[in-house]
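Undergrad: Build me a model:
(one chain, ligands or ions: 1)
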Amino acid sequence: MSIIQIRGLRMTYGTKVAVDGLDLDVAEGEILGILGPNGAGKTTTVECIAGLRRPGEGSVQVASLDPYVDRTAITPLMGVQLQQAGLQAKLTVREALELYASFYDHPRDGLELAERLGLSESIDVRYAKLSGGQQQRLAIALALIGRPRIALLDELSTGLDPRSRRDVWGLVEEAREGGATVILVTHLMEEAHRLCDRLALIDHGRITAIDSPEGLVARSAAPTIMAFTPSQPVDTGALWDLTGVTDVRQHGERIELAGDDDSVTAALGWLARHDVRVGRLRVTESTLDDAYLDLTGDPVLTEEN
Ligand SMILES: Nc1ncnc2c1ncn2[C@@H]1O[C@H](COP(=O)(O)OP(=O)(O)OP(=O)(O)O)[C@@H](O)[C@H]1O
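TA: Next up, the predicted model:
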């Protein structure tokens with residue numbers, strides 16, 4: 001049973017189509033990453049899930065409620081971190097944490113959360129005086145303080161230094177262990193790979209692929225590259241004929257061979273059989289980054305096809 005269900009969502013701003021017939025199901029306890037180019041419609045989709053925008057067409061259901069209509073019932077279930085936090089400039093970190101904790105039945109300890117996010121020294125600083133990264137960390141603390149059943153995190157770690165990013169990832173992992181469902185909009189492939197059970201690629205307001213991170217990497221056409229310097233000249237034509245090889249190039253003494261995982265085994269076997277020693281071997285596997293570039297803009301791919 002999905003905790004979030006979107007059917008045929010369409011959103012326009014004037015003549016601009018921001019979301020164009022989007023369907024999505026998110027299972028309870030899942031961390032779903034949303035990836036896509038700037039302007040693809042990610043934030044607009046998240047704002048509809050948060051009940052901040054009324055769907056132009058189609059429907060959004062969260063925990064069997066309409067988040068736009070049933071705002072009062074949805075608020076205690078949901079923690080939301082948006083790109084624009086929209087907090088009052090004069091509110092201190094402590095006051096903001098206390099205010100948000102009051103919205104929930106069983107909130108986390110705000111001071112402990114502040115400590116975890118490196119905000120203890122700024123606890124009495126007003127929001128307007130915080131640095132961009134501190135404002136971002138506070139927004140994340142406010143999204144998670146209520147132990148929400150559903151957390152919506154839009155560009156979680158944009159603008160955070162590497163240490164803060166890891167602190168924040170730890171909190172998201174804890175939320176997952178607590179059974180939360182998390183929607184995470186991100187441009188960071190490392191973050192997507194590490195935290196998310198599934199990734200939805202959105203382009204031009206539609207989902208173009210949805211799968212596990214490994215599934216997306218596996219289905220992308222981006223190949224494994226094997227580069228090496230042979231101990232003697234090699235017949236590159238013979239390498240072309242090996243299982244899984246899709247490309248062979250020679251750059252001076254070096255040979256670069258592209259293909260699937262099997263191509264590496266096949267090439268190493270062939271070279272051994274022909275008494276060619278392999279020097280300076282380097283094998284580079286395709287990454288989520290490659291898969292993202294490869295898959296964005298393609299037709300819809302789901303786990304089933
Ligand atoms: N308030 C608005 N008024 C007019 N157009 C808007 C508004 N908000 C978003 N848009 C447009 O709708 C489209 C989708 O925007 P959205 O912010 O949802 O994309 P996004 O995928 O979140 O982008 P980014 O990665 O840059 O945050 C964009 O073309 C954007 O310019």
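
Undergrad: The closest residue to Asp161 other than its chain neighbours: how many residues sit nearby?
TA: Leaving out its chain neighbours, the residue that sits closest to Asp161 by Cβ to Cβ, 6 or more residues apart in numbering is Gly133, at 6.6 Å. Bear in mind the C-beta positions are built from the backbone N, C-alpha and C, glycine included. By other Cβ atoms under 10 Å, 16 other residues sit near Gly133.

Undergrad: Look at Gly133 and give its secondary structure.
TA: helix (DSSP: H, G, I helix; E, B strand; the rest coil).

Undergrad: what does Trp169 give?
TA: Trp169 is classified as helix under three-state DSSP.

Undergrad: OK, contacts around the residue nearest to Asp161?
TA: Neighbouring residues of Gly133 by Cβ atoms under 8 Å, 6 or more residues apart in numbering: Gly159, Leu160, Asp161, Ser164.

Undergrad: Tabulate the residues you listed (CSV), appending neighbour count and secondary structure.
TA: Putting the contacts of Gly133 into CSV (neighbours: other Cβ atoms under 10 Å; DSSP: H, G, I helix; E, B strand; the rest coil) gives the following:
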residue, neighbour count, secondary structure
Gly159, 13, coil
Leu160, 23, coil
Asp161, 11, coil
Ser164, 19, helix
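
Undergrad: just the residues you listed now: which is nearest the ligand?
TA: If you rank the contacts of Gly133 by distance to the ligand using Cβ to the nearest ligand atom, Gly159 comes first, at 13.0 Å.

Undergrad: and the closest one, how far is that from Glu57?
TA: 34 Å (Cβ to Cβ, to the nearest Å).

Undergrad: lowest average confidence, helix or strand, in the protein?
TA: Least confident helix or strand, the chain: helix 288-295 with a mean of 82, by mean pLDDT, DSSP states H and E.

Undergrad: who's in contact with that helix?
TA: 35, 189, 192-193, 199, 201, 208-209, 213, 216-217, 219-222, 301.

Undergrad: now stretch 78-86
TA: 43, 46-47, 50, 62, 67, 127, 135, 138-140, 142-146, 148-156, 158.

Undergrad: Let's see which of those residues end up in helices.
TA: In helices, defined here by DSSP state H, the members of the contacts of stretch 78-86 are Thr43, Val46, Glu47, Gln135, Leu138, Ala139, Ile140, Leu142, Ala143, Leu144.
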